[in-house]
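Colleague: okay, sequence plus prediction incoming.
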Amino acid sequence: MNKQLMTNLVNTLTKYKDGTGEHDRAVFETFLYGVFDEKNRRYTVIQHLSLLAQVLVEKKRIDLVDNVTFANHNAAYELDVYLRGLKY
C-alpha cells in the first residue's frame with residue numbers, strides 16, 4: 001500500500017468520524033471494522049501499520065487509534081508501538 005492510499009484511508013475515516021449524523025457514524029464503524037478485519041484480504045492496512053502510524057502523525061489524528069482498538073486490538077497495540085517510535 002502506498003502513502004497516498006493510506007492518506008485517503010485516514011481522510012475517509014476522519015470525515016465520517018467527525019460527521020454529526022447517525023449515517024456518518026454507521027459508515028465510520030462499518031469502514032473501520034472492514035479495514036481492520038484480519039480475515040478481509042481485500043484491504044492490506046494491517047500489513048502496513050508503520051505507514052498508517054506515519055500518516056496519523058502527519059494528519060494529527062492519533063485519536064483514531066482508540067477506535068481501532070474496538071475493531072482490532074492487536075492492530076491498535078502495534079500502532080501504539082510504531083507511534084511511540086515516531087515520538088509524535
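Modeller: That came through fine.

Colleague: could you use CA atoms for every contact and neighbour count after this?
Modeller: Will do.

Colleague: give me the contact list for stretch 13-28.
Modeller: 31, 32, 61 (C-alpha atoms under 8 Å, 6 or more residues apart in numbering).

Colleague: distance between the ends of it?
Modeller: 6 Å (C-alpha to C-alpha, to the nearest Å).

Colleague: may I see the buried residues of stretch 17-32?
Modeller: 17, 24, 25, 27, 28, 29, 31, 32 (16 or more other C-alpha atoms under 10 Å).

Colleague: which members of the contacts of stretch 13-28 are positioned in helices?
Modeller: 31, 32 (DSSP state H).

Colleague: wait, which of the contacts of stretch 13-28 is closest to residue 46?
Modeller: residue 32 (11.8 Å; C-alpha to C-alpha).

Colleague: any buried residues in stretch 49-64, and which?
Modeller: For stretch 49-64, using 16+ other C-alpha under 10 Å, the buried residues are 49, 50, 51, 52, 53, 54, 55, 56, 62, 64.

Colleague: now the second one, what's its secondary structure?
Modeller: When you say that, I think you mean residue 50. helix (DSSP: H, G, I helix; E, B strand; the rest coil).

Colleague: residues contacting the nearest residue to it once chain neighbours are set aside?
Modeller: Excluding the flanking residues, the one nearest residue 50 by C-alpha to C-alpha, 6 or more residues apart in numbering is residue 82, at 5.8 Å. Contact analysis of residue 82 by C-alpha under 8 Å, 6+ apart lists 49, 50, 53.

Colleague: pretty sure the first one is touching residue 78, no?
Modeller: Yes - using C-alpha atoms under 8 Å, residue 49 is in contact with residue 78, at 7.2 Å.
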